[in-house]
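Chemist: Sequence below, structure please.
(one chain, ligands or ions: 1)
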Amino acid sequence: MSWRVSKALLTLRAEVEKAHPGRSKVSDGTVGDTSHSARVSDHNPDENGIVHAWDVTVWDGPDPDALDDVAQPLAEFLRAKRDPRTKYVIHRGQMFRSYDKPGIPAWTWSPYTGPNGHFHHVHVSVYGDDGAPWGYPATTNPQPQPEVDMPTAKEIAEALRPVVREEVGKAIGWTRAVAESPNVADTDSQSQRLKDRAAHLDPERKG
Ligand SMILES: [Zn+2]
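Modeler: Sure, this is the predicted structure:
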C-alpha cells in the first residue's frame, strides 16, 4: 500500500529542520515498522494512506544537558501552541494530549506507561492533512554559527613582519640620518648656547 506523511507533519518538519540545522536524525521516523503495524498506531497509514505520526530524534551528543536539544523545545512548543492539528506528544516517559482524559486535563504532561518510554525520540501525532504553517520559531535553539574565516593573531603578525621590518629599518635609518646631519649638531650647540644664556640671566646663579 502506498503511503505518505500528513502535510501537517511535513510543514512542521520543514520548520524544525530550519530551526535545528544539522540535528541528528538517527531515531527519526514516520511510517511504522512491523511492531507498529501489529497494533493501532499513528505510524500506520490511515484508510487514505496518510501517516499521522513523526518521531523526532532526541539530540544524542556527549553533553547530557543538551539531551533535549530538539525534542524538548519542539514538545513544549506544541504544548503551548495548542494547535487543533496536534493530537498527542510522547517524550521521555511523559505524554500530553490535546484532549481531556479522566484526571488528566488536555495539554498537561502525565506519565506515559507504553512499551517505549520515548527517550530517544519525541513522538508527535497529528490530526488531518492541513499543511498550514505551525509557526515554530527559527531561533528556538540556535546552533553554533559556522566559524568565520578570520586570520589568527599569529597569521596577522607573520603577514606584517616584513612590513614592520621595513618600517623599523626606515625609522632607524631616518634616526641615524638625523643624528648624523650637521643641522642636528647645530641645533645641539644652539640649545647649549640658550642654556648658557639662561644661566647668565639667573640672578641666583653663583659664579
Ligand atoms: Zn512514534
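Chemist: So the residue in the chain that the ion sits nearest to, which state does it fall into?
Modeler: Here the chain gets closest to the ion at one residue, His123, 3.5 Å apart by CB to the ion. Every residue, glycine included, has its C-beta placed from N, CA and C. Classification of His123 by DSSP: H, G, I helix; E, B strand; the rest coil places it in strand.
Chemist: Asp55 is in contact with that one, correct?
Modeler: Yes: contact status for His123 versus Asp55: in contact at 5.5 Å, counting by CB atoms under 8 Å.
Chemist: and the nearest residue to the residue of the chain closest to the ion once chain neighbours are set aside, backbone torsions?
Modeler: Leaving aside its chain neighbours, His123 sits nearest to Ile90 (4.1 Å; criterion: CB to CB, 6 or more residues apart in numbering). Dihedral pair for Ile90: phi -120, psi 130, per degrees, to the nearest 10.
Chemist: Any chance you could note which residues of the protein sit beside the ion?
Modeler: For the chain, the contact set with the ion under CB under 5 Å from the ion comprises Asp55, His123.
Chemist: what bits of the chain have low per-residue confidence?
Modeler: Within the chain, the stretches with pLDDT under 70 are 1, 33-39, 60-69, 139-150, 172, 174-207.
Chemist: in the chain, which spans are helices?
Modeler: 7-19, 34-37, 71-81, 153-180, 182-201 (DSSP state H).
Chemist: Tell me, how many residues neighbour the residue nearest to His123?
Modeler: If you count neighbours by other CB atoms under 10 Å, Ile90 ends up with 22.
Chemist: Tell me what it is bridged to.
Modeler: Here Ile90 sits in beta bridges with Met95, His123, as judged by DSSP bridges.
Chemist: got the contact list for the residue of the chain closest to the ion?
Modeler: Shown in contact with His123 (CB atoms under 8 Å, 6 or more residues apart in numbering): Ala53, Trp54, Asp55, Val89, Ile90, His91.
Chemist: The second one contacts Val5, doesn't it?
Modeler: What that stands for is Trp54. Yes: with contacts counted by CB under 8 Å, Trp54 reaches Val5, the gap being 7.1 Å.
Chemist: Give me the more crowded residue out of these two.
Modeler: Legend: neighbour count by other CB under 10 Å for Trp54 and Val5, higher for Trp54 (25 against 18).
Chemist: quick check, nearest of the contacts of His123 to Glu15?
Modeler: Closest approach between the contacts of His123 and Glu15, by CB to CB: Trp54, at 12.0 Å.
Chemist: List the contacts of that closest one.
Modeler: Taking CB under 8 Å, 6+ apart, one finds Val5, Leu9, Leu12, Arg13, Asp28, Gly29, Thr30, His123, Val124, Val126 in contact with Trp54.
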